[in-house]
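Q: no sequence for this one, just the structure:
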């Protein structure tokens with residue numbers, strides 16, 4: 001088999017094992033959480049007999065190992081179960097929420113990834129001059145501030161004082177694309193500021209590392225301009241670490257949007273997860289956790305494969 005196909009097959013097998021391990025950790029973590037969904041459903045005035053009957057009905061008295069394999073068997077067949085609090089199909093509820101989260105992450109990525117790479121190239125081109133210092137200062141400041149604080153600041157100044165965008169990011173199927181984009185303008189701005197600095201600084205560091213190579217000096221001696229040297233020779237050879245950090249930040253845009261969705265009351269998976277954590281609805285928490293883990297593992301696997309394809313040295317680790 002071709003070495004690249006062997007490495008890709010190894011990454012796929014490792015990703016499957018990681019997802020299985022993640023499912024066990026998610027189940028164990030949610031099982032030991034304090035609280036009881038039966039108590040949440042019946043309220044504080046429930047009698048012990050009513051609680052016992054409901055726990056038996058929901059299968060909460062079964063051994064954890066039995067519940068895990070029942071849950072895992074359902075997941076492998078595409079059945080995420082039903083929510084204990086409203087008896088609705090979890091996969092059906094998650095479908096719409098996941099679509100909304102991916103819609104938000106997509107537009108944040110469309111803006112942040114090209115902008116981060118462009119700013120990284122500009123910072124390298126004008127290294128140690130005022131554009132480099134300005135870009136580094138602004139991005140460092142943005143990454144140092146918690147996203148919830150950035151969100152509230154934007155809500156106060158942009159939504160309340162200026163009225164340029166809504167403070168609550170509610171979208172539905174009846175809205176046009178422009179109306180949806182206007183609704184998610186502030187959450188996208190917050191996510192862009194959060195992930196921009198990490199990708200920009202990684203791009204800058206990776207290209208500066210390549211710029212110390214002998215072939216870069218040769219290119220400069222041939223008379224190429226500084227930007228041509230960066231664009232034609234340094235950037236392609238620094239693509240592997242840049243792809244890695246871009247994929248990690250794309251994973252954050254899907255997995256780490258919980259705080260942003262709660263701040264802007266956005267109907268995505270993060271808001272759905274928080275709602276059901278408060279209700280101790282363990283099957284919903286397990287389903288959300290498994291999807292988040294799958295997104296993270298898949299994006300990291302893609303980053304590994306792209307790195308292997310972009311850097312021939314990684315195909316021969318020995």
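A: Yep, that arrived. Quick caveat, the model's predicted, so the values are computed rather than measured.
Q: Show me which positions of the helix or strand that contains residue 104 end up buried.
A: Using DSSP states H and E, residue 104 sits within helix 90-125. Using 16 or more other Cβ atoms under 10 Å as the burial criterion, the residues of helix 90-125 that qualify are 90-91, 93-94, 97-98, 100-105, 107-109, 111-113, 116-117, 119-125. To be clear about C-beta, it is placed using only N, CA and C from the backbone, and glycine gets the same treatment.
Q: Give me the helices and strands touching it, please.
A: helix 130-144, helix 185-210, helix 226-229, helix 239-255, helix 269-278, helix 282-310 (3 or more Cβ pairs under 8 Å, 6 or more residues apart in numbering; DSSP states H and E).
Q: Can you check what angle separates it from helix 239-255?
A: On the basis of axes from the mean of the first three to the mean of the last three Cα atoms, to 10 degrees, helix 90-125 is oriented at 140 degrees to helix 239-255.
Q: Tell me how far helix 90-125 lies from the chain's centre.
A: Taking Cα atoms, centre = their mean, to the nearest Å, one finds the center of helix 90-125 at 9 Å from the center of the full chain.
Q: what angle separates that helix from helix 269-278?
A: 130 degrees.
Q: for helix 90-125, what is the average pLDDT?
A: For helix 90-125, the mean per-residue pLDDT is 87.
Q: pLDDT below threshold where in the stretch 1-150 of the chain?
A: The stretch 1-150 of the chain contains residues with pLDDT under 70 at 1-3, 33-37, 39-40, 42.
Q: List the contacts of residue 18.
A: residue 297 (Cβ atoms under 8 Å, 6 or more residues apart in numbering).
Q: go on, residue 187?
A: Per Cβ under 8 Å, 6+ apart, neighbours of residue 187: 104, 108, 151, 169, 257, 260, 261, 263, 264, 266.
Q: and the closest residue to the fifth one other than its chain neighbours, how many residues sit next to it?
A: It stands for residue 257. Closest residue in space to residue 257, ignoring its immediate chain neighbours: residue 270 at 5.1 Å, by Cβ to Cβ, 6 or more residues apart in numbering. Close neighbours of residue 270, defined as other Cβ atoms under 10 Å, add up to 25.
Q: Make sure residue 270 is actually in contact with residue 254.
A: No - with contacts counted by Cβ atoms under 8 Å, residue 270 stays clear of residue 254, the gap being 9.5 Å.
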